[in-house]
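**Q** I'd like to go over a predicted model; first the sequence, then the structure.
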Amino acid sequence: MRKGLSTFNIVSVALGLAFLYLPITILVIYSFNASRLVTVWGGWSTRWYEALLRDSAMLEAAWNSLRIATISATAATVLGTLAAVALVRAGRFRGRTAFSAMVYAPLVMPEVITGLSLLLLFVALDTDRGFWTVAIAHTTVTMSFVTVVVQSRLVSFDRSLEEAAMDLGCPPLKTFMVVTLPLIFPAVAAGWMLAFTLSFDDLVIASFTTGPGATTLPMRIYSEVRLGVKPEINAICTIMIVIVAIGVVGAALVSKRSALRKAQAAATPA
Amino acid sequence: MTDATTIAPRIAPGGDTRIRSRIGWRQRLVVLIPALWLAVLFLVPCLIVLKISLSQTVIAQPPYAPVLDLAEGRQGLKDFVSGLTLESYQILVSDTIYLKSYLRSLGIAALSTSILLLIGYPLAYGIARAPRRAQPVLVMAVFLPFLTAFLIRIYAWVNILQREGLLNDALIALGIVKASVVWLATDTAVIIGIVYSYLPFMVLPLYASLEKMDETLLEAAADLGCPRWKAFWLVTLPLSASGAAAGALLCFVPIAGEFVIPDLLGGSNAMMIGQTLWVEFFQNKDWPVAAAVAIALLVVLLAPILVYQRLQLRDLGHGLGDG
């Protein structure tokens, strides 16, 4: 691509980013609104955050979501990374086409269909629905996203390092743990984060697969939002945005540091 | 660890044969574990939906019949097969609510995907032309809102679009309109919400294909006296077509089945198919009809899904993994 920005390029990027960030910014500002009427600005206040701390149903839902997202993101990262390794490294095994179709299909499958089908499976198996069924459902849906991210890193990865390790007698499993995994780690971490936020965020699949006592945060927020705009919801949304922002900035810093270290290692000959 | 498969490769010469000979049980496990997980939790559930779409609604637990009873052997299977019916599909065809709902979903998905292309292309193009150092930051900036909860982003628009919301305040203050305009509960609101939510999915594959482009092609065009707009039209646009196709499919298919956005921003009189399925299942408790709605939607979306499988999302992965 030829470099050099025209005015048109700058304007389109600026407008695009403004469109993406303006609604979120407004939401964050209004979470500090002292007025109960969402549309009237009544000065700065943290009263809705205090109200949130007393809302035990909301806190419990948040705790459920946090645990489900952690468990399902971890399981999805393991399964998704395995699937990526299988797609990139296992060569032309039998059923590869079917396998890749199965890995990619959940990415575009409308959520209502995935949710319904998983629920019908749990009903057919006569499973008690609740915390674990939601976690399993989220693992299934998010692992495809992990695969996409990890696969792209594996494809652009210098194969000779692995071959060198194995030529020196390192067994395949150890080669993967000592050579491959550290090199693809940024992609694996990015995949975990993506899986975590997708799970933390999901309303439709959780609504289908949950049972009594396992209300997640989006389900709770959804039932509140349907009744109208409430300042408390602005507050909890702001907290969620801050958590995600910290995670993303943290991940960016980690990968930048490892890139720096790599650059230094390359600059100083061994 | 010193079985034949791990020793053999060390002494075997040549690149390709050496790798292939390493396919041992471990490698098979790498394929088998995710394959098994997806077979049980993705493939089997789809078959169950198909099965239940052929069942009848009954007031029981579970609320459909027949139920396959494997304990009764062949007779059980026979009873099961003879109990299957196309009743739910007949309901889908006979009541125009469903057809209208499908057409509406496809129409809204097509319109929003076109708008996404129109907004996403200049954005992706601008990012691809930015200085190389700034590109990862800009890609991340486009992707970041996607990481903040989906529900929150839709909810943010409820704040803005409601009757006494900020959009009306701004429009009245600017003198563009005199009285409040109804935004919420309209198709416009649904499309704004969809475009806003799916923009990263459009921009990332587009950016990936634009960024990979060989700039010498444009230089060659310029050297031969081709004006810039014509070079864009004849070189850049065709070369980014695969990215545009990937982005369009990645948006179109999930939008057609969207539930949350039309539910929160749309009106209650006309439903998209995702909402129809939701209502059949949660409110009418008619599982067979809900399953038939799902199967019919899948059949409609099968062609775009298969095309998308071909493109295999590599462009999106490229954008994300390197960003």
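**A** Alright, I've got the coordinates. Numbering: from 1, shown residues only, chains lettered A, B, ... in the order given.

**Q** Only C-alpha atoms from now on, for both contacts and neighbour counts.
**A** OK.

**Q** Outline the domain layout of the chain.
**A** All of this is about chain A. A:8-45, A:57-259 (automatic domain parsing).

**Q** meant chain B actually
**A** Split into domains by automatic domain parsing, chain B comes to B:4-83, B:89-322.

**Q** Rebuild those domains as TSV, extending it with mean pLDDT and mean neighbour count.
**A** Output for the domains of chain B, formatted as TSV (pLDDT from 0 to 100; neighbours: other Cα atoms under 10 Å in any protein chain shown):
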stretch	mean pLDDT	mean neighbour count
domain B:4-83	70	16
domain B:89-322	84	19
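
**Q** which residues in the stretch 201-323 of chain B form helices?
**A** In the stretch 201-323 of chain B, the helices defined using DSSP state H, counting those that start in this stretch lie at B:215-223, B:228-231, B:237-239, B:241-256, B:260-265, B:273-278, B:287-311, B:314-322.

**Q** what do you get for the stretch 51-200 of chain A?
**A** Using DSSP H, counting those that start in this stretch, helices in the stretch 51-200 of chain A cover A:56-89, A:96-108, A:111-124, A:131-155, A:159-167, A:172-175, A:181-201.

**Q** Was I right to think residue B:141 contacts residue A:17?
**A** Yes - using Cα atoms under 8 Å, residue B:141 makes contact with residue A:17 at a distance of 7.5 Å.

**Q** looking at the domains of chain B, which is closest to residue A:252?
**A** domain B:89-322 (9.4 Å; Cα to Cα).

**Q** and the closest one, how far out from the chain's middle?
**A** Here the centre of domain B:89-322 is set off from its chain's centre by 9 Å, with Cα atoms, centre = their mean, to the nearest Å.

**Q** Equivalent analysis for stretch B:50-64, please.
**A** A distance of 28 Å separates the centroid of the chain from that of stretch B:50-64, by Cα atoms, centre = their mean.

**Q** could I have it exported to CSV, CA atoms only?
**A** In CSV, the C-alpha atoms belonging to stretch B:50-64 read as follows (Å, rounded to 0.1, in the frame of the first residue of the first chain):
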residue,chain,number,x,y,z
LEU,B,50,-33.5,-30.8,12.9
LYS,B,51,-35.1,-33.7,14.8
ILE,B,52,-37.3,-31.5,17.0
SER,B,53,-38.4,-29.4,14.0
LEU,B,54,-40.0,-32.6,12.8
SER,B,55,-41.7,-33.2,16.1
GLN,B,56,-45.1,-32.2,17.4
THR,B,57,-45.8,-29.8,20.2
VAL,B,58,-47.2,-31.5,23.3
ILE,B,59,-47.9,-30.3,26.8
ALA,B,60,-45.3,-32.4,28.6
GLN,B,61,-41.7,-32.4,29.7
PRO,B,62,-40.0,-32.1,27.3
PRO,B,63,-42.7,-30.3,25.3
TYR,B,64,-42.4,-32.2,22.1
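
**Q** List the contacts of it.
**A** For stretch B:50-64, contacts defined as Cα atoms under 8 Å, 6 or more residues apart in numbering or on different chains pick out A:123, B:65-66, B:83-89, B:285-292, B:295.

**Q** how does it look with 6 Å?
**A** Applying Cα atoms under 6 Å, 6 or more residues apart in numbering or on different chains, the contact partners of stretch B:50-64 are B:65, B:84, B:85, B:86, B:288, B:291, B:292.

**Q** Out of those residues, which is nearest to chain A?
**A** Nearest to chain A among the contacts of stretch B:50-64 is residue B:291, at 7.7 Å by Cα to the nearest Cα.
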